[in-house]
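> One predicted model, sequence on top.
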Amino acid sequence: MPAVEFEHVSYQYKSGVKALDDVSFTIERGELVVLMGENGSGKTTILKHLNGLLKPTEGRVVIDGTDTRTATVAQLAAKVGLVFQNAEEMFFESTVREEVAFALKNFGYSEDVVKRRVEWALRFMELDAYAENSPFILSGGEKKRLALAIVLAWGPEIIALDEPTIGQDSLQKEKMAEMVRLLNTQGKTVIMASHDVEFVADLSPRIILLSRGKVMGDGDAEEVLTDMEKLAKCSILPPQVVATLNRLQDLSITRRTLSVEAAAREVVEKIWR
Amino acid sequence: MPIIEVSSLNYRYVGQRDYVLRDISFMVNEGEFVLIVGPSGCGKSTLCRCLNGLIPHFYEGDLEGDVWVAGHRVRETPTHVLSQHVGMVFQNPQNQLFSLSVENDVAFALENLSLPREEIRRRVDEVLSLLGITELRDRSPFELSGGQQQKVAIASVLAMRPRIIILDEPTSFLDPASSLNLIETIDRIRKSLGLTVLLVEHRIELAAPRANRLIVMNNGQIVYDGNPAEFFERYDAHSYGVYVPKVVRLAREVNKHVRLFNKPPLSPEEFEERVRMFASRRV
């Protein structure tokens, strides 16, 4: 059974804006998928459909075999952990540990289970040293990791992240990429919205390309991110390696790659052949 | 005479043990485009606050050393005077916009200066056209895209006709294409007005090709101040928490095979130029 199925999904906001327009795709368990597109392309709207915050105006969203229209947000939240772009703005507990424990207690787990899950999530996100600190004095990167720890603690099979690299510096981004890979290798299905093209190129996931609520492309990173024409149509800047090689086409540099090493070899071979 | 002069600046926020800025000294000449980078928490935003007078006039703390901006000693100059010389643009444009129309937002500060109606109108026209947002004049700032909002914020600041503009991560909430557009706009305005620009920015791959100077901060100190390309050539940028653009890595990788680049290219255009120069010589 696939983790996520979108069948001809359209979604119209009350204002009349059509945020999704006949979107279809299937995500298998254990996949790493990035939704890409400019602001307003529908990435966040798709994520909100995963845990039932939004229900399709037309079509069907099926999560792990359950039609989201027949399930409550609480039922879906157990399957899908959604980390919002500005999740850190919702912190309210006085310590990092309590912040993680809060949702678990709400799910009704026993004190012992709560304790063990909290310890595990804090360790996994490398926040155990800050367990007794106030969430508000954490750095931006640490706050992002805490938001993720909160979701991981209740063990959803599907993790959805909205723009996890916004406001992060380069070291924090590397850390985030590491965490995402680790989660994925542990069998979690990871679905992420991002317009950070170099971050995505390094992760090398499957990419679903969106523009104005429509799916414009769906394939592996190398295929989608080297298609200059399609990227331009979706107002996405190509990765620098791709943009660079593309400028040298007339020197018979035709290779399409995301890899710095492969691109360098291509330049050297064609110019010094 | 430099337009910004900072000497032996130390600062810590009230109640904090550690200094956020430590022994900062630098000068900026009129018309320079200075890019300031460094990992989160390195003191970039605090430095900006020292230049526009928010420190020490709004933030308490211990300030040592001296800051001169456009001939004014910041410590002794009220912020409403400084704001006519230094314009400040922040991460989130929504914090800077509050009126019901773009025009009113841009005119707001001018009205506070009690300028004549005609002059206000002239200046509003001028900055809207400069930023290419004349058609947004009657729109509500809150229904605009992030990139448009940021341009409105810049327009409001420029209407005061400052000689310096400081932007603290203005592209944080924008997608890459809008970010590039904003940075290009800033550079264009700098050239046409002779403005001095200080830009704090994580998207170094978009900003570095346009800046003529790079200041790298780490842990409250300036660890590099000079030519942007030279920084990537001589320093291990990664160990300072600075992102190394892919085109720089690509040039390094090419150099392992053939030594083509004496200094790292900062954009695909610069990379192309160098390769073509070499290729044409070989024919």
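Ah, there it is.
> Give me the neighbour count for residue B:145.
Residues lying near residue B:145 (other C-beta atoms under 10 Å in any protein chain shown) number 14. The C-beta positions use only the backbone N, C-alpha and C, and glycine is treated the same way.
> Was I right to think it contacts residue A:235?
No - assessed by C-beta atoms under 8 Å, residue B:145 is found out of contact with residue A:235, at 11.2 Å.
> quick one: contacts for the spatially most central residue of chain B?
The centroid of chain B falls nearest to residue B:199 when counting by C-alpha atoms, centre = their mean (1.4 Å). Residues in contact with residue B:199 (C-beta atoms under 8 Å, 6 or more residues apart in numbering or on different chains) are B:33-36, B:166-167, B:170, B:183, B:186, B:207, B:211.
> Can you tell me which of the residues you listed end up in strands?
B:33-36, B:166-167 (DSSP state E).
> Give me every residue in chain A lying close to chain B.
With C-beta under 8 Å from any C-beta of the partner chain as the criterion, chain A comes near chain B at residues A:38-40, A:139-141, A:166-173, A:195-198, A:235-237, A:239-241, A:243-244, A:246-248, A:251, A:260-261, A:263-265, A:267-268, A:271-272.
> Let me know the secondary structure of the nearest residue to residue B:165 once chain neighbours are set aside.
Setting aside the residues directly before and after it, residue B:165 is nearest to residue B:87 in space (C-beta to C-beta, 6 or more residues apart in numbering or on different chains), at 4.4 Å. Assigned with DSSP: H, G, I helix; E, B strand; the rest coil, residue B:87 falls in the strand class.
> Kindly report the same for the one 4 residues further on.
When states are read from three-state DSSP, the local structure at residue B:91 comes out as coil.
> dump the residue contacts of it.
Residue B:91 neighbours (C-beta under 8 Å, 6+ apart): A:167, B:168-170, B:172-173.
> Contact residues of chain B facing chain A?
Counting by C-beta under 8 Å from any C-beta, chain B comes close to chain A at B:39-41, B:91, B:145-146, B:169, B:172-178, B:180, B:202, B:205, B:238, B:241-243, B:245-247, B:249-250, B:253-254, B:256-258, B:268-269, B:271-272, B:275-276, B:278-279, B:282.
> first to last residue in stretch A:183-200, what's the distance?
Using C-alpha to C-alpha, to the nearest Å, the end-to-end distance of stretch A:183-200 comes to 16 Å.
> could you give the mean pLDDT of it?
Here stretch A:183-200 scores 95 as its mean pLDDT.
> Centre of the chain to it, how far?
Centroid separation for stretch A:183-200 versus its chain: 5 Å, with C-alpha atoms, centre = their mean, to the nearest Å.
> what is the rounded mean pLDDT of stretch A:252-266?
95.
> Now do the buried residues in it.
Applying a neighbour-count criterion of 16 or more other C-beta atoms under 10 Å in any protein chain shown, one finds A:253, A:256-260, A:263-266 buried in stretch A:252-266.
> Which stretches in chain A count as helices?
A:43-50, A:73-79, A:96-106, A:111-124, A:140-153, A:170-185, A:197-203, A:221-225, A:228-233, A:240-246, A:260-271 (DSSP state H).
> who's in contact with residue 263?
No chain specified, so I'll use chain A. Contacts of residue A:263 (C-beta under 8 Å, 6+ apart): A:241, A:244-245, A:255, A:257, B:250, B:253.
> that's the other chain; I wanted chain B
By C-beta under 8 Å, 6+ apart, the contact set of residue B:263 is B:229-230, B:233.
> same deal with residue A:243?
A:228, A:237, B:268.
> leaving aside the residues next to it on the chain, what's closest to the spatially most central residue of chain A?
Chain A has residue A:192 as the residue nearest its centroid, 1.1 Å off, counting by C-alpha atoms, centre = their mean. Distance criterion C-beta to C-beta, 6+ apart; nearest residue to residue A:192, sequence neighbours excluded, is residue A:161 at 4.4 Å.
> one step back: how about the contacts made by the residue nearest to residue B:165?
B:154, B:157-158, B:160, B:162, B:164-166.
> do residue B:74 as well
By C-beta under 8 Å, 6+ apart, the contact list for residue B:74 reads B:50-51, B:53, B:56, B:67-68, B:82.
> same thing but at 10 Å, please
By C-beta atoms under 10 Å, 6 or more residues apart in numbering or on different chains, the residues touching residue B:74 are B:4, B:6, B:50-57, B:63, B:66-68, B:82, B:86.
> In helices, which of those residues fall?
Short answer: the contacts of residue B:74 in helices (DSSP H) are B:50-51, B:54-57, B:82.
> Test my guess that residue A:165 contacts residue A:179.
No - look at residue A:165 against residue A:179 with C-beta atoms under 10 Å: they stay out of range, at 11.5 Å.
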